[in-house]
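J.: Sequence and computational prediction follow.
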Amino acid sequence: DGGITQSPKYLFRKEGQNVTLSCEQNLNHDAMYWYRQDPGQGLRLIYYSQIVNDFQKGDIAEGYSVSREKKESFPLTVTSAQKNPTAFYLCASSISPFANEQYFGPGTRLTVT
Amino acid sequence: QQPVQSPQAVILREGEDAVINCSSSKALYSVHWYRQKHGEAPVFLMILLKGGEQKGHDKISASFNEKKQQSSLYLTASQLSYSGTYFCGTEDGDYKLSFGAGTTVTVRA
């Protein structure tokens, strides 16, 4: 079955620690995206990648980093510089960057205390 | 810049209709609509491309007025399964979507 997997579903960390969220897709999609979702604020774009070995900052990139070394993988690191990291994180992919349906993974709920 | 969605929330009885609006201050190439159930990932409903095309998906349809940079989602003869939060995502040519804050739809029997 093709799709996007994110792991883990729930993640707990202490303040000051970096944490990496996994995102893998087997849809052979070129474009991948990371979104953050907070209650009442919809989806906000953190980083996106149109093709392997390339990525761009989204609207709220500060305190986050990504890599895109393989087409199927787009991990997100939440660094200690992110002031308010507790949120629901969604990864998505699309066949190409322009005007195409985005497929979303099940999400990772990160809690930092 | 995030598009503006209205209303924030709507409560319907089964069989009633509703309209959700999405407007942007930028010229748009496309508008996407997604529905998210509580605790789940958003699910794609439809894309509307520049050209004012109207699309439909079962009894959910949408229109796109590119001159006004607005899109509307129409829920017709609503069913219990229509409950969820609806998001519009707008694309202004830079290959990424900006999502609205969402409209929560509750359909009651």
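T.: Nice, I can see it.
J.: Can you pull the residues of chain B lying near chain A?
T.: Along chain B, the residues adjacent to chain A under the rule Cβ under 8 Å from any Cβ of the partner chain are B:2, B:29-30, B:32, B:34, B:40-44, B:47, B:49, B:87, B:89, B:91, B:95-102. All C-beta atoms are positioned from the backbone trio N, CA, C, and that covers glycine.
J.: all strands for the chain, in order.
T.: Went with chain A since none was named. A:4-7, A:10-13, A:19-25, A:31-37, A:43-51, A:54-57, A:64-66, A:76-78, A:87-94, A:103-104, A:108-112 (DSSP state E).
J.: that's the other chain; I wanted chain B
T.: B:4-6, B:9-13, B:18-23, B:30-36, B:43-49, B:55-57, B:60-65, B:70-75, B:84-91, B:98-99, B:103-108.
J.: Give me the contact list for the fourth one.
T.: Outside strand B:30-36, the residues that touch it by Cβ atoms under 8 Å, 6 or more residues apart in numbering or on different chains are A:99, A:101-102, B:22, B:42-50, B:62, B:64, B:71, B:73, B:84-91, B:97, B:102.
J.: Export the strands of chain B as TSV, with columns for mean pLDDT and distance to A:K57.
T.: Below are the strands of chain B laid out as TSV (pLDDT from 0 to 100; distance: least, Cβ to Cβ, whole Å):
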stretch	mean pLDDT	distance to A:K57
strand B:4-6	96	23
strand B:9-13	97	32
strand B:18-23	97	24
strand B:30-36	94	21
strand B:43-49	92	24
strand B:55-57	68	32
strand B:60-65	91	28
strand B:70-75	95	26
strand B:84-91	95	17
strand B:98-99	93	14
strand B:103-108	97	28
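J.: Can you redo the ones you listed as JSON lines, where the extra columns are mean neighbour count?
T.: Formatted as JSON lines, the strands of chain B follow (neighbours: other Cβ atoms under 10 Å in any protein chain shown):
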{"stretch": "strand B:4-6", "mean neighbour count": "16"}
{"stretch": "strand B:9-13", "mean neighbour count": "13"}
{"stretch": "strand B:18-23", "mean neighbour count": "19"}
{"stretch": "strand B:30-36", "mean neighbour count": "24"}
{"stretch": "strand B:43-49", "mean neighbour count": "18"}
{"stretch": "strand B:55-57", "mean neighbour count": "13"}
{"stretch": "strand B:60-65", "mean neighbour count": "19"}
{"stretch": "strand B:70-75", "mean neighbour count": "21"}
{"stretch": "strand B:84-91", "mean neighbour count": "24"}
{"stretch": "strand B:98-99", "mean neighbour count": "22"}
{"stretch": "strand B:103-108", "mean neighbour count": "17"}
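J.: Any idea which of these gets closest to A:L76?
T.: strand B:98-99 (17.6 Å; Cβ to Cβ).
J.: Tell me how far the closest one lies from the chain's centre.
T.: Distance of strand B:98-99 from the chain centroid (Cα atoms, centre = their mean, to the nearest Å) equals 11 Å.
J.: Okay, the residue sitting nearest the centre point of chain A and chain B: tell me how far apart.
T.: Nearest residue to the geometric centre of chain A (Cα atoms, centre = their mean): A:W34, 2.9 Å. Per Cβ to the nearest Cβ, to the nearest Å, A:W34 is found 11 Å from chain B.
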